[in-house]
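In: Fold the stuff below for me.
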Amino acid sequence: METRELRYFVAVAEELHFGRAAQRLGIAQPPLSRAIRQLERRLGAALLNRTSRTVTLTEAGSVLLREARAALDAVEAAERRTRRTALAATGHAGVVLATKAGASSELLAKLLDAYAAESDAVTVDLLLCGIGEQERMLRDGRADVALLHRPFDTTAGFDTEELCTERQVVVLPAGHPLTARTHVRTAEVTDLPDLPLPRWPGPDGTYPDGPGPQARDHAQLLQLIALGRACWIAPESCRAQLRDDLATIPVLDAPTVTTVIAWPPHSRSRAVASLVQTATRL
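Out: Numbers count the residues shown, from 1 in each chain. Alright, predicted model coming up:
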């Protein structure tokens, strides 16, 4: 299969409408329909159920959609990494570091300062992203290296070095009755009737069901907590960015969070290796 065919199929599978898919691809509808029929003949399987009103995926089509997305992501990642490697050979490329905005702020500052002092340091371009996005950026080639947080981020398929492990705390509005306690347990936090835990978007951008408010970034969440609309269980390093109208209490049975620096196992970048070495010496 050609990447062009996969892009055509993904567009149709996501739009479930040949006209919209053709518009999205910038081509006419007849050649798009022919390309999908040719792909089905080559695979010997119906990928789409078509009626005069609807287009739906068959079971085989659902499988191909999942595999095609992964294949196209891999192609794009290869293109990005190849271009960056070519630039590095001319001395014009930096290293791209992805990290969750607002997380590991003190560790990140120490890492950037220590790396800048290295004799072979290159420019570090920071990608500050939302919840879980740094992992995807590393997988699709937009980043060379990332700070990930186990158990929340998946590190499978990456080389990693552990940097620090910390306990978790619950962030509450200052003055809340629980702030008089020395510690709490997870069940006590989840049972708070007026301070539900936030709901973060998944990889597809949708939010899980639940009573908590939708949160897309830390600044928004901290405002919701200060207003008495939510609470948040987070690594204790978050204390460095909290305002005076917020308070924290250790959550005894919450899992510890381990921050790791991660990079693709096939990376041959000297800049990535130097950055990782600097991180492990902190």
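In: Now name the helix or strand holding Val189.
Out: Assessed by DSSP states H and E, Val189 sits inside helix 186-190.
In: And that helix, what's buried?
Out: Buried residues in helix 186-190, counting neighbours by 16 or more other C-beta atoms under 10 Å, are found at 188-189. Just so you know, the C-beta spots here come from the backbone N, C-alpha and C atoms, and that holds for glycine as well.
In: Skip ahead from it and say which helix or strand is next.
Out: That would be, after helix 186-190 and using DSSP H and E, helix 218-226.
In: So for the very next helix or strand once past that next one, what gets flagged as buried?
Out: Counting by DSSP H and E, the element after helix 218-226 in chain order, helix or strand, is strand 232-235. Residues of strand 232-235 classed as buried by neighbour count (16+ other C-beta under 10 Å): 232-235.
In: Identify the residues contacting Glu162.
Out: Applying C-beta atoms under 8 Å, 6 or more residues apart in numbering to Glu162 gives the contacts 258-260.
In: Who is it paired with across the strands?
Out: For Glu162, the beta-bridge partners are Val260 (DSSP bridges).
In: In TSV, list the buried residues of strand 232-235 along with distance to Glu5 and pLDDT.
Out: What follows is the buried residues of strand 232-235, written out as TSV (distance: C-beta to C-beta, whole Å; pLDDT from 0 to 100):
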residue	distance to Glu5	pLDDT
Trp232	45	94
Ile233	45	95
Ala234	45	92
Pro235	44	92
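In: So which of those residues is the closest to Phe152?
Out: Pro235 (9.5 Å; C-beta to C-beta).
In: Phe18: what's it in contact with?
Out: Per C-beta under 8 Å, 6+ apart, neighbours of Phe18: 12, 29, 32-33, 55.
In: Which of these fall in helices?
Out: Members of the contacts of Phe18 lying in helices (criterion: DSSP state H): 12, 29, 32-33.
In: Buried ones among the residues you listed?
Out: By neighbour count, with 16+ other C-beta under 10 Å, those hold 12, 32-33 as buried.
In: circling back: what does the average pLDDT come to for the helix holding Val189?
Out: For helix 186-190, the mean per-residue pLDDT is 94.
In: Need the residues that contact that helix.
Out: Contacts of helix 186-190 with the rest of the structure, by C-beta under 8 Å, 6+ apart, involve 170, 178, 197, 231, 233, 251, 253-254.
In: roughly how far out does that helix sit from the chain middle?
Out: Offset of helix 186-190 from its chain centre (C-alpha atoms, centre = their mean, to the nearest Å): 26 Å.
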